[in-house]
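In: Test case, fold it:
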Amino acid sequence: MGMILTGIIVTGAIAFGAGFYLLNVQPEQPAWQVFSTESTRVGDPGHNLVGQNWSGDPSDVSASSGEKTAS
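Out: Numbering: from 1, shown residues only. Prediction:
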């Protein structure tokens, strides 16, 4: 019985200490700054992503594109 109570107390102390530490750790830089690179930026996407005549309207699908529409 004593070992069980000691284990519970030690577990609680470790959990409290870990929570206190993790709440007080200040990251040096946010992740979006650390992992950003110049090569992932798209300055002028032009027509290389969706096409020059893309309107953004999903119901405006031309038959000449060769894609089948869901019915």
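
In: switch to C-alpha atoms for all contacts and neighbour counts from now on
Out: Noted.

In: Export the one helix or strand residue 32 maps to to PDB, keeping only CA atoms.
Out: Following DSSP states H and E, one finds residue 32 within helix 31-34. The C-alpha trace of helix 31-34 is given here as PDB (Å, rounded to 0.1, in the frame of the first residue of the first chain):
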ATOM      1  CA  ALA A  31       7.900  27.600 -36.300                       C
ATOM      2  CA  TRP A  32       6.700  29.600 -39.300                       C
ATOM      3  CA  GLN A  33       9.900  31.700 -39.100                       C
ATOM      4  CA  VAL A  34      12.200  28.800 -38.400                       C
END
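
In: the longest helix in the chain is where?
Out: helix 2-24 (DSSP state H).

In: State the mean pLDDT of that one.
Out: Averaging pLDDT along helix 2-24 gives 95.

In: Tell me, how many residues neighbour residue 21?
Out: 11 (other C-alpha atoms under 10 Å).

In: Distance of it relative to residue 59?
Out: Distance, residue 21 to residue 59, using C-alpha to C-alpha, to the nearest Å: 53 Å.

In: List the buried residues for the helix holding residue 32?
Out: Judged by neighbour count (16 or more other C-alpha atoms under 10 Å), helix 31-34 contains no buried residues.

In: what packs against that helix?
Out: The helices and strands touching helix 31-34, judged by 3 or more C-alpha pairs under 8 Å, 6 or more residues apart in numbering; DSSP states H and E, number zero.

In: which SS class is residue 26?
Out: coil (DSSP: H, G, I helix; E, B strand; the rest coil).
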